[in-house]
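K.L.:
quick one, what's the 3D model for this:
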Amino acid sequence: MSDHYLNYLEREHARLEAEIQAEERRPYPAPFLVARLKKLKLAVKDQIAAWTAEESRSRAA
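P.N.:
Below is the predicted model:
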């Protein structure tokens with residue numbers, strides 16, 4: 001994977017965080033939507049961690 005993919009993942013993580021915050025600021029936030037967005041954000045975070053670990057291994061070799 002490339003640095004472009006990592007940049008995309010970081011932007012997606014930030015976008016999801018902004019969407020979560022916007023939903024939580026609403027007078028009646030939808031709990032199911034907030035939970036879904038948080039799960040998506042966690043999945044993106046896991047992808048970032050996996051990509052970073054893979055890059056570290058490939059650079060060490």
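K.L.:
from what I see, Val34 and Glu19 are in contact.
P.N.:
No - checked against C-beta atoms under 8 Å, the pair Val34 and Glu19 is beyond contact range at 9.3 Å. C-beta coordinates here come from the backbone N, C-alpha and C atoms, glycine included.
K.L.:
would you tell me which helix is longest in the protein?
P.N.:
Counting by DSSP state H, the longest helix found in the chain is helix 31-60.
K.L.:
pLDDT of that helix, averaged?
P.N.:
The predicted model gives helix 31-60 an average pLDDT of 92.
K.L.:
for that helix, name the packing helices and strands.
P.N.:
Counting contacts by 3 or more C-beta pairs under 8 Å, 6 or more residues apart in numbering; DSSP states H and E, helix 31-60 is packed against helix 3-25.
K.L.:
hey, C-alpha coordinates of the helix it packs on in PDB?
P.N.:
Output for helix 3-25, consisting of C-alpha atoms alone and laid out as PDB, is shown next (Å, rounded to 0.1, in the frame of the first residue of the first chain):
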ATOM      1  CA  ASP A   3       1.300   6.700   1.700                       C
ATOM      2  CA  HIS A   4      -1.800   7.900  -0.300                       C
ATOM      3  CA  TYR A   5      -3.800   5.100   1.300                       C
ATOM      4  CA  LEU A   6      -2.600   6.000   4.800                       C
ATOM      5  CA  ASN A   7      -3.500   9.600   4.100                       C
ATOM      6  CA  TYR A   8      -7.000   8.500   2.900                       C
ATOM      7  CA  LEU A   9      -7.500   6.500   6.100                       C
ATOM      8  CA  GLU A  10      -6.400   9.400   8.300                       C
ATOM      9  CA  ARG A  11      -8.800  11.700   6.500                       C
ATOM     10  CA  GLU A  12     -11.600   9.100   6.800                       C
ATOM     11  CA  HIS A  13     -10.900   8.800  10.500                       C
ATOM     12  CA  ALA A  14     -11.100  12.500  11.000                       C
ATOM     13  CA  ARG A  15     -14.300  12.700   8.900                       C
ATOM     14  CA  LEU A  16     -16.000  10.000  10.900                       C
ATOM     15  CA  GLU A  17     -15.000  11.800  14.200                       C
ATOM     16  CA  ALA A  18     -16.500  15.100  12.900                       C
ATOM     17  CA  GLU A  19     -19.700  13.300  11.900                       C
ATOM     18  CA  ILE A  20     -19.900  11.700  15.400                       C
ATOM     19  CA  GLN A  21     -19.500  15.000  17.100                       C
ATOM     20  CA  ALA A  22     -22.000  16.700  14.800                       C
ATOM     21  CA  GLU A  23     -24.600  13.900  15.600                       C
ATOM     22  CA  GLU A  24     -23.900  14.100  19.300                       C
ATOM     23  CA  ARG A  25     -24.500  17.900  19.300                       C
END
